[in-house]
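Asks: Got a predicted model here, sequence first, then my questions.
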Amino acid sequence: STEQLLDRLYEEESLESQEIIAVLKNLDQNLKKRLHHLAHLKRMERYGDRVFLRGLIEFSNICKQNCLYCGIRSGNKTVSRYRLQPEQILECCREGYELGYRTFVLQSGEDDWYTTEKLADIITHIKTLFPDTAVTLSIGERDDAAYAALLAAGADRYLLRHETASRKLYEALHPTMAFDSRRNRLTALKSLGYQVGAGFMVGLPGQTPGDLAEDLLYLKELEPDMIGIGPFLPHQATPLKDEPAGTVMNTLDMIALARLFVPNALIPATTAMGTAHPNGRELALQAGANVVMPNLSPLTVRAQYTLYNNKICLGDESAQCRFCLEQRIKAAGFHVDMGRGDSLKFLSRS
Ligand code: 5AD
Ligand code: FES
């Protein structure tokens, strides 16, 4: 029965493709509850009730790629583009540090104006000014030399979602990118020594239960330190504008399954979850997620970094998000941990 499959997944931390598909097809209300509860138990067993906060700095919305789902794709001529200057990025970190953040996530489109040298310089400055912080990069695909230089400059972690483990779907959604290259970049980051984050979207047009099973099996094989999962949300100035959004419920199921397949991973309750449902992030925390990434970007540029419609917190100061989240996390039954929050996998190998 599906219930037995879930119990076996809890014990053995894996299932076969056909079994995952059976689970996804048979999940009714009760089984969903059971799945989310098992994921919650696994998270409590590994990380306890701590929720780690990361300060997110969206430093450029300029992107050379053209992903069909993404609001900052190069083909979108209606978005006004911005780049934060290095001093502005450091200013966001200073503000974040004072609010207690000990991880900064530097995210952008694939923007080559930020050369390896410029980025290395920014990272060096952050690590010199704030030595007890971790720096996470989320800037897309670069070559081995760039990844190595940024690591040497002090970067600790790298987020590069695999987006979907289905080659067919990946190729349909990414006209300017290659499936094999994505996988190859993830393995390169891992062997260089970064804490690596992979992840995918749920509810992409044409995505099947078989595709979602592949996502879980790929995560199991890669064993990333971090796993970002969110619903696909349409953006009005993209080719996918009329496609239906992924659902909060299906995304919660995938978050819970990811926790059971890769128990030591850090899993964010994503902004996309908070956008899709008023309590989406809290629900994610209760289904196995254990990280939240509030926005530290300057208010003046926030609305310009829109990957999908109706993104939350566009008008909220960094301090507001910091305290709003603390309240919400407490109300959901958890505790904020302002430490660096390294993954258990990373702590056990260092
Ligand atoms: N809906 C949901 N998530 C999106 N992302 C990009 N565009 C969208 C969208 N329309 C996600 C991608 C990317 C991350 C930064 O945001 O998975 O890796
Ligand atoms: Fe930004 Fe709640 S997280 S105001």
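Replies: Okay, I see it. Ligands and ions are numbered 1, 2, ... in the order given.

Asks: hey, let's count contacts and neighbours off CA atoms from now on
Replies: Fine.

Asks: does any bit of the strand or helix carrying residue 324 sit next to ligand 2?
Replies: Here residue 324 sits within helix 318-331, counting by DSSP states H and E. Yes - Helix 318-331 reaches ligand 2 (C-alpha under 6 Å from any ligand atom) through 320, 321, 324, 325.

Asks: Could you work out the most separated pair of those residues?
Replies: Across the residues of helix 318-331 next to ligand 2, the longest distance by C-alpha to C-alpha is 8.4 Å; it joins 320 and 325.

Asks: quick one, which of those two is more surrounded?
Replies: residue 325 (19 against 14; other C-alpha atoms under 10 Å).

Asks: how far away is the more buried one from ligand 1?
Replies: Per C-alpha to the nearest ligand atom, to the nearest Å, residue 325 is found 20 Å from ligand 1.

Asks: where does residue 300 fall, helix, sheet strand or coil?
Replies: What DSSP: H, G, I helix; E, B strand; the rest coil gives for residue 300 is helix.

Asks: likewise residue 127?
Replies: Bear in mind the rule, three-state DSSP; under it residue 127 is helix.

Asks: And the helices in the stretch 51-200 of the chain, which stretches?
Replies: Listed in chain order, the helices of the stretch 51-200 of the chain (DSSP state H, counting those that start in this stretch) span 86-98, 116-129, 144-152, 167-173, 179-192.

Asks: can you count the residues close to the residue of the stretch 1-150 of the chain found nearest ligand 1?
Replies: In the stretch 1-150 of the chain, no residue comes nearer to ligand 1 than residue 70, which is 3.8 Å away by C-alpha to the nearest ligand atom. Look at residue 70: counted by other C-alpha under 10 Å, it has 25 neighbours.

Asks: quick one: it and residue 241 touch, right?
Replies: No - the criterion here is C-alpha atoms under 8 Å, and residue 70 misses it with residue 241 at 10.0 Å.

Asks: Quick check: residues of the stretch 201-350 of the chain near ligand 1?
Replies: Going by C-alpha under 6 Å from any ligand atom, the residues of the stretch 201-350 of the chain near ligand 1 are 201, 231, 232, 233, 234, 235, 307, 308.

Asks: Which ones among the residues you listed map onto strands?
Replies: Per DSSP state E, strands hold the following members of those: 201, 231.

Asks: Of the residues of the stretch 201-350 of the chain next to ligand 1 - the most surrounded one?
Replies: Highest neighbour count within those, by other C-alpha under 10 Å: residue 233, with 28 neighbours.

Asks: quick one: common contacting residues for residue 70 and residue 241?
Replies: Among the neighbours of residue 70, those also in contact with residue 241 (C-alpha atoms under 8 Å, 6 or more residues apart in numbering) are residue 235.
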